[in-house]
Each structure stands twice: as C-alpha cells, then as structure tokens.
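Student: This is a predicted model, with the sequence first.
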Amino acid sequence: MHTRLTTAAFSLSAITFLKPTPRVFPNTHQLFCTMSDEVRAQKQVLRKELRSKMKAVSVEDIAKQSLTVWNRVYELPEYQQAKSIGLFLSMPACEIQTDAILNHAIENGKTVYVPQVGANFEHADMDLLECPSVPNFHKAWPKNKWQIPEPPADLERVVVQPGELDLLIVPGLAFDSKGGRLGQGKGYYDRFIAKMRLDRKAPKLVAVGLEPQLVDHIPTHEHDFTMEVVVLPNQTIQVATAAESI
C-alpha cells in the first residue's frame, strides 16, 4: 500500500513537471515592420542611384527629352479631354522641365493647378492652387528651399477640391512598366492623391520622366499609388490595370 502511494505520487510529480513547450508564433506586426523597413531601405538605395544618374544628364539633353515627353502627353486622350489639370513646377536641374506643358495647357483653355508645399514642410502636405491663365505665370514667383517656384502670398488662394481635378501629371525619381513610382521620399503626392480620392471621382494619374528614370522594378509600400500611364521620351506605357494602390 505504501509502495503504491509512493509510485502514484512519483508519477503525478513527473506528469506535473513535464509541461508542454509553448509554441512560438511570429509577430505579425514585427513581420510587417521588417518588410516595411526592407522596402524603405531598397527605395533609399534606388534613390541614390537615380539621383546620380540624373546629375549626369546635361541641361540641353533634359530640355530636349522634356519636349519629346510633352509632345507625347499632348496626344493622350486623358490630356485632350481634361478640363482641369494638376501640374508641377520643375526643380532647376535633374528633372523634366514643365514650362512647355504649363503654357500649352493654358493656351488650350485648361484650368491649371500647381503645388503649394512651402507652408507645411514638416507635415509633408501640399495643396494644389489654381494658377493665373497667362503664359509663364510662375517666372516671378518666390522659390522654396528646393528652388521651386511657389504661389506668392498675394495670389488668390483657390484650392482644388476632391472631384474637381480631371488629370494629375506626376513627377518622380523613377518608374517601372507596371506603374510603380519612386518619389523623393517625403510622400507629398501619395498623400495628395489619397485626399483627391475621398468619395469623389479620382483624377487620372499620368507620370512623366526622362530616359534614365525607367527601371525594372520599384519596391512599394501598401500606401503607394500606381500610375495609370507612364510617359517617357521613347515610349508611352499604358498600365494594364490601374489599381487603387499597390
């Protein structure tokens, strides 16, 4: 009897001691953050590469390629049918120059909106303001820290609202054939596009760039928007599926 109790006690002790090892599941948030960090790092490498390539393009070549791109844009149904267009004012170097299309749009009776970002650098937010319907309207405008002309304080502030913009011409550092876009890294355009798509008609997204700016693949986050058309000097890429975002 004593022996049986001792054995039973020993068995119970053994069962209690041999607890199952808990399974360890991956942390979804950590995995997402890791993937997000990897994409961010890939983008930074690509930005460095593209900035170096663009510095090697001469001013004369940029001017020539820019005109070729705009001639392609003028032929797009998206441009021809648009009554209101969001355009950008170029940096002084290393970027497609927009003077030609600004004047062309105005001369063809389109309402043109251009970015104002200088008022809110910290939040990387921007509005598009209606510009005067006269050629070369921006030549006397003040410039921001990137030497890009900004709407002056005395300009009547007419901000484009969701549903009012037919077409948005989008700049970038690089693009791919699937509509992927690599910006400067601040997120100005992704935030702006998201605002324009709130419960209203979304503007058509047409990206423009120079020959060195087409790459095989753009790494993307879930908040990055896909371009519907990518226009380069030597080709116009109609993206097969214009997804809401990628």
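Tutor: Good, I have the coordinates. Numbers count the residues shown, from 1 in each chain.
Student: ok, which stretches of the protein are strands?
Tutor: Ranges of strands in the chain, per DSSP state E, are 84-86, 111-116, 127-130, 167-170, 174-175, 181-182, 204-208, 229-232, 235-238.
Student: Which strands border the first one, and is each parallel or antiparallel?
Tutor: Pointing back at strand 84-86 there. strand 111-116 (parallel), strand 167-170 (parallel) (DSSP bridges).
Student: what's the model's confidence in the last one, averaged?
Tutor: Which is strand 167-170. Mean per-residue pLDDT for strand 167-170: 98.
Student: ok, residues contacting it?
Tutor: 73, 78-79, 82, 84-88, 98, 101, 181, 189, 193, 196, 203-208, 227 (C-beta atoms under 8 Å, 6 or more residues apart in numbering). In this view, the C-beta of every residue, glycine as well, is placed from N, C-alpha and C.
Student: What is the burial count for residue 145?
Tutor: As a burial measure, residue 145 scores 9 neighbours (other C-beta atoms under 10 Å).
Student: Check the spacing between it and residue 227 real quick.
Tutor: Note on residue 145: its distance to residue 227, by C-beta to C-beta, to the nearest Å, is 27 Å.
Student: and the residue lying closest to residue 211 once chain neighbours are set aside, how many neighbours?
Tutor: Sequence neighbours aside, residue 233 is the residue nearest to residue 211 in space, at 5.5 Å (criterion: C-beta to C-beta, 6 or more residues apart in numbering). If you count neighbours by other C-beta under 10 Å, residue 233 ends up with 21.
Student: and what of residue 84?
Tutor: Neighbourhood size, residue 84 [other C-beta under 10 Å]: 18.
Student: who's it bridged to?
Tutor: In this structure, residue 84 bridges to residue 111 when assessed by DSSP bridges.
Student: residue contacts, residue 114?
Tutor: 86-89, 102, 128-129, 131, 138, 151.
Student: Name the nearest residue to it, ignoring sequence neighbours.
Tutor: residue 131 (5.2 Å).
Student: got a pLDDT number for residue 13?
Tutor: 44.
Student: distance of the residue nearest to residue 211 from residue 96?
Tutor: Going from residue 233 to residue 96 by C-beta to C-beta gives 9 Å.
Student: How about residue 211?
Tutor: Counting by C-beta to C-beta, the gap from residue 211 to residue 96 is 11 Å.
Student: Now for those two: what residues contact both?
Tutor: residue 65.
Student: between these two, who's got more neighbours?
Tutor: Between residue 211 and residue 96, residue 96 has the larger neighbour count (other C-beta under 10 Å), namely 27 against 15.
Student: Tell me how many other residues surround the closest residue to the more buried one other than its chain neighbours.
Tutor: Take residue 96 and drop its neighbours on the chain: the residue closest to it by C-beta to C-beta, 6+ apart is residue 66, 4.9 Å away. Using other C-beta under 10 Å, residue 66 has 21 neighbouring residues.
Student: can you name the two of the contacts of residue 114 that are farthest apart?
Tutor: Using C-beta to C-beta, those span at most 14.4 Å, a distance reached by 86 and 138.
Student: Now for the chain, the helix or strand with the poorest mean pLDDT.
Tutor: helix 2-17 (a mean of 44; mean pLDDT, DSSP states H and E).
Student: Burial check on residue 81, number of neighbours?
Tutor: Neighbourhood size, residue 81 [other C-beta under 10 Å]: 10.
Student: Please name the residues that touch the closest residue to it other than its chain neighbours.
Tutor: With sequence-adjacent residues excluded and distances taken as C-beta to C-beta, 6+ apart, residue 81 is closest to residue 166, at 7.3 Å. Residues near residue 166 by C-beta under 8 Å, 6+ apart: 81-85, 203-204.
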